[in-house]
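Visitor: Quick one, structure for this:
(chains A, B and C)
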Amino acid sequence: MVRQLAYHEIHEIFARFQAVEPEPKGELDHVNAFTLLVAVALSAQATDAGVNKATRALFAAVDTPQKMLALGEEGLTEHIRTIGLYRQKARNVIRLSQILVDSYGGEVPSSRAALQSLPGVGRKTANVVLSMWFHHPAQAVDTHVFRVGNRTGIAPGRDVEQVERAIEDHVPAPFQKHAHHWLILHGRYICVARKPKCGICPIRDLCLYEEKTL
DNA sequence: ATCCCGAGGG
DNA sequence: CCCTCTGGAT
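Guide: Sure thing, here's the model as predicted:
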């Protein structure tokens, strides 16, 4: 496993991320907590661009669990057919909407346990909603964060929870809030999975990737 | 560990 | 063609 970078190195890395993008936002379109939850649930193994294309028309008409139930599973399936895993996702979103109406007054719950009890909502999706909407200090570790954390030495770990903890323990407090989005953006546009663009990487001199592979 | 699944990129 | 994309449930 890659070694853990030192505190001052990680501080410098995030200072550079901040200089490039001072207020990083998620790139999943949404208009409220419910549509955020649905968009994140739909984004599993899919690109944000693909999800946004499908939810643009959907969220214009459907922005509450009640309206989602009125649309129905078949109607929802038509909207999201272009997204991977669409059958399971349609079924989960309809079941989830029913639970929100039945048990949470049509609102999105703000506790991790309640969120993760919803069908199709696991640790990662719950963390995104908790941090993005409810401003809780939760670190969502997805494929990008996991890859970048391990490659660079910012947050190495064998599994998601180890990487989560490494971020909590080693990313300086002032950068915690936006760490998730900075790591996502870095992973999406520079530290890409297949062929990382080290030639244009702003943190190349601090990263452990080439040291490890060469 | 495996399944679910389509779109886009290389 | 093959791989990857802000995973979750079994």
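
Visitor: Could you identify the helix or strand that succeeds the helix or strand hosting A:E161?
Guide: Per DSSP states H and E: A:E161 is located in helix A:160-170. Elements were assigned by DSSP H and E; along the chain past helix A:160-170, the next helix or strand is helix A:173-189.

Visitor: That next one near DNA strand C anywhere?
Guide: Yes - judged by CB under 7 Å from any atom of the strand, helix A:173-189 comes into contact with DNA strand C at A:H180, A:H181, A:I184, A:G187, A:R188. Placement of C-beta: from N, CA and C, glycine included.

Visitor: From those, list just the buried residues.
Guide: A:H180, A:H181, A:I184, A:G187 (16 or more other CB atoms under 10 Å).

Visitor: list the contacts for A:L130?
Guide: Taking CB atoms under 8 Å, 6 or more residues apart in numbering as the criterion, A:L130 is in contact with A:S110, A:R112, A:L115, A:H136, A:A138.

Visitor: Now list the buried members of those.
Guide: A:R112, A:L115, A:A138.

Visitor: a markdown table please, covering the residues of helix A:173-189 next to DNA strand C and showing pLDDT.
Guide: Output for the residues of helix A:173-189 next to DNA strand C, formatted as a markdown table (pLDDT from 0 to 100):
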| residue | pLDDT |
| --- | --- |
| A:H180 | 93 |
| A:H181 | 92 |
| A:I184 | 92 |
| A:G187 | 93 |
| A:R188 | 90 |
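
Visitor: hmm, which two among those are most spread apart?
Guide: A:H180 and A:R188 (12.3 Å; CB to CB).

Visitor: Pass me the low-pLDDT residue ranges in chain A, would you?
Guide: Applying pLDDT under 70 to chain A flags the ranges A:1, A:211-214.

Visitor: and if we set it to 90?
Guide: Applying pLDDT under 90 to chain A picks out residues A:1-3, A:25-27, A:48, A:137, A:193-195, A:209-214.

Visitor: And the buried ones among the contacts of A:L130, which is closest to A:D63?
Guide: Distances from A:D63 to the buried ones among the contacts of A:L130, taken by CB to CB, are shortest for A:L115, at 18.7 Å.

Visitor: wait, which of the buried ones among the residues of helix A:173-189 next to DNA strand C is closest to DNA strand C?
Guide: A:I184 (4.9 Å; CB to the nearest atom of the strand).

Visitor: Tell me who's in contact with whatever residue of chain A ends up closest to DNA strand C.
Guide: Going by CB to the nearest atom of the strand, DNA strand C is nearest to A:G122 of chain A, at 2.6 Å. The contact partners of A:G122, by CB under 8 Å, 6+ apart, come to A:Q116.

Visitor: Sounds good, over and out.
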